[in-house]
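> no sequence for this one, just the structure:
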């Protein structure tokens, strides 16, 4: 398991859990970032934060700090 902020550009994952203690839980639910959602990291700012994620057909920029409460499983095998 990883957190969403651990994704590198081009990697995909499936959301397994969004912590209910996260201050953005409601907002994540509103954009469809819920259990079993496929997510792809499609970009990153020059400073590395925020990153852009493809979520249900929309590209959403989310700060690394906010992504720490989203647990996910990598798609396509292990990292090298």
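That came in fine, so what should we check first? Quick caveat: nothing in here was measured; it's all calculated off a predicted structure.
> any residues touching stretch 14-25, and which ones?
1, 4, 28-29, 33-39, 66, 69-73, 75 (C-beta atoms under 8 Å, 6 or more residues apart in numbering). Bear in mind the C-beta positions are built from the backbone N, C-alpha and C, glycine included.
> buried subset of those residues?
Buried by 16 or more other C-beta atoms under 10 Å: 4, 28, 33-34, 37, 39, 66, 69-72, out of those.
> Relative to residue 53, which of these is nearest.
residue 39 (5.3 Å; C-beta to C-beta).
> which residue sits closest to residue 11 in space, ignoring its chain neighbours?
Closest residue in space to residue 11, ignoring its immediate chain neighbours: residue 41 at 5.5 Å, by C-beta to C-beta, 6 or more residues apart in numbering.
> Just give the number of residues close to that neighbour.
21 (other C-beta atoms under 10 Å).
> Surely it is within a strand?
Yes - under DSSP: H, G, I helix; E, B strand; the rest coil, residue 41 sits within a strand.
> Specify the beta-bridge partners of it.
Note on residue 41: beta-bridge partners residue 53, judged by DSSP bridges.
> Mind checking which of the buried ones among the contacts of stretch 14-25 land in helices?
If you go by DSSP state H, those have 28, 66 in helices.
> So residue 11 is in contact with residue 42, correct?
No - shown here, residue 11 and residue 42 do not form a contact pair, counting by C-beta atoms under 8 Å, at 10.0 Å.
> now the strands for the protein?
Counting by DSSP state E, the segments of the chain that form strands are 2-3, 12-18, 38-44, 51-55, 58-62, 70-74.
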